[in-house]
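Asks: show me how the following folds:
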Amino acid sequence: MTISNETKVGALTAIAIVLLILGFNFLKGRNIGGKNTHYVTFFNDIQGLATSNAVVINGMQVGSINKIDGGKDMRRIRVDINMTEDVVIPVDALAVINKSLLGTVQLEVRLGNSSNYLQPNDTIKTIASDDILGDAMKKLDPVLYQVTNAVKSLDSLLRTVTSVFDPNAKNNIKGVLDNLNKTTASLAVSSASLQGMLNAQTGALAKTLDNVSSFTGALKNNNENLSKTMSNVEAATDKLAKLDFEKTLNTLNGTLTDLKGAVGKIGSKDGTIGLLLNDTKLYNNLNATSNKINLLLDDLRVHPKRYVNISLFGKKDKNGPLLIPLADTVNAPYIIKP
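Replies: Predicted coordinates:
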């Protein structure tokens, strides 16, 4: 069987394409025919990390970078990791970018202590990468390394201070100092005023102290009179203490009892006063007497000749006596009996 040249060329071309694909995947670190596990991590700065760079754990390459995507803003760069080795990643593992002195960049996965593990396509946490030169200096001369860090910190501080003290900030500080000067001047004036007030108050306090001194002096001069007064008060209190208040109260209670009995008798009809106050006969008799007196006076006023028979002229009054009082008395009404 004769194979044509076109068939040979086609077969060789297919084999070449297959080999090219296999070689490309091999160069990218993909496990051809094996199990590939993918993880994701994010960095703000990948420091030159590129596709197919190695992914190592404890110095051993376990995979490679499959894809890097920074998006449009390039603020958070996504890095896809292809694990060609069958390894498990704890949930507290950290991914860090390491840069060697020769310029090669690799991604290191630092394992944690958790017993829980990430699943495929999960995200590995990241930390900032170490400085190669700083690490070397740290190992060679720790003191120099500390001095270098201090200088860097001081430089950062100076830059911050320089950025803060821009012309506007300087003007603001100058304004603050001017206001502070004005405030101190105002405080000086206020202090002087306060001192004057204190002097005045000191004078008033001195006068008050003088008055108190005069008062205490007067008390001292009248000490004998005060002693006599206190003695009199003490004697009076002694007399009050010696009074027989119990006997006085008993006497007062007896008097009140007698008075209560007398008032009770007045309210009853047993005594004379009780009869006068409670019996209506006396009232009726007095009322009848008053009515008769009024009738007599009215008859005397109307028929005076009946009672005084002295007349030079005229006749004797032969009219009969009044049987009822006249109705001209306003303030003394009569009781007319049937």
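
Asks: could I get the full set of helices for the stretch 151-300 of the chain?
Replies: Along the stretch 151-300 of the chain, counting by DSSP state H, counting those that start in this stretch, helices occupy 167-221, 223-242, 245-267, 272-278, 280-302.

Asks: could I get these in CSV, plus columns for mean pLDDT and distance to Leu102?
Replies: (C-beta placed from N, C-alpha, C; glycine too.) Below are the helices of the stretch 151-300 of the chain laid out as CSV (pLDDT from 0 to 100; distance: least, CB to CB, whole Å):
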stretch, mean pLDDT, distance to Leu102
helix 167-221, 77, 46
helix 223-242, 82, 110
helix 245-267, 80, 121
helix 272-278, 69, 141
helix 280-302, 78, 146
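
Asks: export those as JSON lines, with columns for distance to Thr51 and mean neighbour count.
Replies: Shown next, in JSON lines, are the helices of the stretch 151-300 of the chain (distance: least, CB to CB, whole Å; neighbours: other CB atoms under 10 Å):
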{"stretch": "helix 167-221", "distance to Thr51": "47", "mean neighbour count": "10"}
{"stretch": "helix 223-242", "distance to Thr51": "112", "mean neighbour count": "10"}
{"stretch": "helix 245-267", "distance to Thr51": "119", "mean neighbour count": "11"}
{"stretch": "helix 272-278", "distance to Thr51": "135", "mean neighbour count": "13"}
{"stretch": "helix 280-302", "distance to Thr51": "138", "mean neighbour count": "13"}
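
Asks: including distance to Ala11, could these go into CSV?
Replies: As requested, the helices of the stretch 151-300 of the chain are exported to CSV (distance: least, CB to CB, whole Å):
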stretch, distance to Ala11
helix 167-221, 78
helix 223-242, 143
helix 245-267, 147
helix 272-278, 159
helix 280-302, 162
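
Asks: out of these, which is closest to Gly48?
Replies: helix 167-221 (38.0 Å; CB to CB).

Asks: domain-wise, how is the protein divided?
Replies: What automatic domain parsing lists as the domains of the chain is 1-30, 35-130, 279-338.

Asks: most tightly packed of the ones you listed?
Replies: Compared across the domains of the chain, domain 35-130 shows the largest average neighbour count, a mean of 15 (mean count of other CB atoms under 10 Å).

Asks: looking at this protein, which strand is longest?
Replies: Identified as the longest strand of the chain according to DSSP state E is strand 60-69.

Asks: what does whichever helix or strand comes after that strand contact?
Replies: Downstream of strand 60-69, the next assigned helix or strand under DSSP states H and E is strand 77-83. Around strand 77-83, the neighbours that count as contacts under CB atoms under 8 Å, 6 or more residues apart in numbering are 29-30, 36-46, 49, 55, 62-71, 95, 107, 124.

Asks: what strands flank strand 77-83, and is each parallel or antiparallel?
Replies: According to DSSP bridges, strand 77-83 forms sheet pairs with strand 37-43 (antiparallel), strand 60-69 (antiparallel).

Asks: show me how far it is from its chain's centre.
Replies: Computed by CA atoms, centre = their mean, to the nearest Å, the chain-centroid distance of strand 77-83 equals 54 Å.

Asks: keeping just the C-alphas, turn that strand into CSV.
Replies: In CSV, the C-alpha atoms belonging to strand 77-83 read as follows (Å, rounded to 0.1, in the frame of the first residue of the first chain):
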residue,chain,number,x,y,z
ILE,A,77,-5.7,41.9,40.3
ARG,A,78,-7.1,38.4,40.1
VAL,A,79,-4.5,35.6,39.9
ASP,A,80,-5.7,32.1,38.9
ILE,A,81,-3.6,29.2,40.3
ASN,A,82,-3.4,25.8,38.7
MET,A,83,-2.3,23.1,41.2
